[in-house]
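> Have a look; sequence and predicted model below, questions after that.
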Number of protein chains: 2
Amino acid sequence: MKVFILYAHPEPKFSFNAALLERSVATLEAQGHEVKVSDLYQMKFNPVASADDFSERRFPERLQYDREQKHAVAHQALSSDIAIEIEKVEWCDLFILQFPLYWFSMPAIMKGWFDRVFVNSLHYGVGKRYETGGLKGRKAMVCLTTGAYEAMLQPDGMMGGIESILWPIHNGTLFYTGFEVLPPFLACSPVHNGQEACDNYLNEYAKRLEQIESTEPMAFHPLTDFGKDFRLKEGVTPRSAVHRRVTSKD
Amino acid sequence: MKVFILYAHPEPKFSFNAALLERSVATLEAQGHEVKVSDLYQMKFNPVASADDFSERRFPERLQYDREQKHAVAHQALSSDIAIEIEKVEWCDLFILQFPLYWFSMPAIMKGWFDRVFVNSLHYGVGKRYETGGLKGRKAMVCLTTGAYEAMLQPDGMMGGIESILWPIHNGTLFYTGFEVLPPFLACSPVHNGQEACDNYLNEYAKRLEQIESTEPMAFHPLTDFGKDFRLKEGVTPRSAVHRRVTSKD
């Protein structure tokens, strides 16, 4: 497989995230996979979507970002730092997002990667959503670290379930653009728990990656589950507590 | 009331977001409120959390961002752009976040505002979470625009419910740091629906803001709903589909 790892952590060397990244690259290469890494902090990646992203504009007087994305794709007018990242994500079979959880989400430098690199008409937009998304045929997985304890991330835990926390990323970003989404890998409070806990997580992650080709994706609703009114069709069972039927109790 | 509006949109003038912002400032001031705005694009706000945020370090050899936040608070060593924003948010009674929905979340330039401005020991951290959060006594509200239709944002809609989409912001960021969270204001597909739809949303938003002082906050679980195991106590009814009890079906 071709594996593209999108990585963001502000400490360049001595972090548990850096150890996870190193271990994942070694494990994947030992399995015969080809690996590319975008280390966003090291690249000093610009996360701010703006008019500067387009060398030519369809509507120069008024920035509508998604419409300019479409125009720029058609006219090869995307900024080169975006074009380079698009090549990597389109090259891969497996896309791994690795980051420390900041405010129940990814660090801004990674959020902006998606704002700028997943572009209208190529990856999403009319006719491209969920199973018809522009990146279909690929798998994706989140690998995250957090200071929270595992119990806090259970559905009835203090933070709510990790499935709920990652919904905007899993369903709203990855599944939305066509990826099959594999279950996330979580390292909870690794640093607070000492070296042995860290080593255990590193070993567990390596094992996950060795089995990655046979890992079952998570279930999200495909387009065909929705009616013309954009609601779940009668008879379709909601796949998660997040994505649920409206009942009279609502 | 003192109202602080955090605003992010890449088009400086001719956007529906700019119109919403203008209308909200006018409406709030007409009600006698005092208003401050941070227009993140105009400010060219830096959204990337990094070692540069601290003029003095506790652990210079290895960046642990949250621990350095704590140290920097104690030693007045936070970067001045962060300190200025902290003053604004601590000044306010009502905090409004206004943004276009990008990938089921806020644009990166705003995500990074939270990564950098909500700091350990001041706003979150040991002893500061949910009703004990450092920003308690304040209210917060999200105002967002989206290309999606209203039907898509229903709980059984194509995107999942807006409550699920905003969970990381509502519960994980605002309620987490002590805010009472007011129901969000959504403008769905305003631009695609023409001038009349835009005007209706502007009027509706003005009405919402005129009634803001008597608006009931949304319900999230306070700390006291959780046991020592960080899970909902027996007998506590889950407040949303997002934050639910584990049943045998899980």
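Alright, I've got the coordinates.

> do the helix ranked longest in chain A and chain B meet at all?
For chain A, the helix with the greatest residue count under DSSP state H is helix A:194-210. No - Helix A:194-210 is not in contact with chain B by C-beta under 8 Å from any C-beta of the partner chain; minimum separation 14.0 Å. Any C-beta I mention is one placed from the backbone N, CA and C, and that applies to glycine too.

> Which elements pack onto that helix?
helix A:16-30, strand A:185-188 (3 or more C-beta pairs under 8 Å, 6 or more residues apart in numbering or on different chains; DSSP states H and E).

> could you point out which element follows the first one?
Secondary structure here is assigned by DSSP states H and E; on that basis, the next helix or strand after helix A:16-30 toward the C-terminus is strand A:34-39.

> Would you mind identifying the next helix or strand past that following strand?
Under the assignment DSSP H and E, the closest C-terminal helix or strand after strand A:34-39 is helix A:40-43.

> If you average the pLDDT over that following helix, what comes out?
Average pLDDT, helix A:40-43: 98.

> Buried residues, that helix. List them.
In terms of neighbour count (16 or more other C-beta atoms under 10 Å in any protein chain shown), helix A:40-43 has its buried residues at A:40-41, A:43.

> name the helices or strands packed onto the next helix or strand after it?
Once helix A:40-43 ends, the next helix or strand along the chain (criterion: DSSP H and E) is helix A:65-74. Of the remaining helices and strands, none touches helix A:65-74 by 3+ C-beta pairs under 8 Å, 6+ apart.

> wait, what's in contact with the residue lying closest to residue A:66 once chain neighbours are set aside?
Nearest non-adjacent residue to residue A:66, counting by C-beta to C-beta, 6 or more residues apart in numbering or on different chains: residue A:120, 4.4 Å away. For residue A:120, the contacting residues are A:66-67, A:69-70, A:73, by C-beta atoms under 8 Å, 6 or more residues apart in numbering or on different chains.

> among these, who's most crowded?
residue A:69 (25 neighbours; other C-beta atoms under 10 Å in any protein chain shown).

> Hmm, that one is touching residue A:123, no?
No - in this structure, residue A:69 is not within contact of residue A:123 by C-beta atoms under 8 Å, at 9.3 Å.

> In chain A, what helix or strand scores lowest on average pLDDT?
Of all helical and strand segments in chain A, the minimum by mean pLDDT, DSSP states H and E falls on helix A:162-165, at a mean of 92.

> Output the contacting helices and strands for it.
helix B:167-169.

> re earlier: bridging across strands, which residues link to the residue nearest to residue A:66?
With DSSP bridges as the criterion, residue A:120 is bridged to residue A:124.

> Residue ranges of each domain in chain A, please.
Domains of chain A are assigned by automatic domain parsing as A:2-217, A:219-250.

> Turn the buried residues of helix A:40-43 into JSON lines, columns for distance to chain B.
Formatted as JSON lines, those follow (distance: C-beta to the nearest C-beta, whole Å):
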{"residue": "A:40", "distance to chain B": "9"}
{"residue": "A:41", "distance to chain B": "7"}
{"residue": "A:43", "distance to chain B": "11"}
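
> can you redo the residues you listed as TSV with distance to residue B:225?
Converted to TSV, the buried residues of helix A:40-43 look like this (distance: C-beta to C-beta, whole Å):
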residue	distance to residue B:225
A:40	37
A:41	37
A:43	43
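
> wait, what's in contact with residue A:70?
Residues near residue A:70 by C-beta under 8 Å, 6+ apart: A:119-121, A:125.

> what about it, distance to residue A:118?
For residue A:70, the distance to residue A:118 equals 13 Å [C-beta to C-beta, to the nearest Å].

> and if you look at residue A:81?
Between residue A:81 and residue A:118 the computed distance is 14 Å (C-beta to C-beta).

> OK, contacts around the nearest residue to residue A:41 once chain neighbours are set aside?
Nearest non-adjacent residue to residue A:41, counting by C-beta to C-beta, 6+ apart: residue A:10, 5.7 Å away. Contact analysis of residue A:10 by C-beta under 8 Å, 6+ apart lists A:41, A:107, B:48-51, B:63, B:65.
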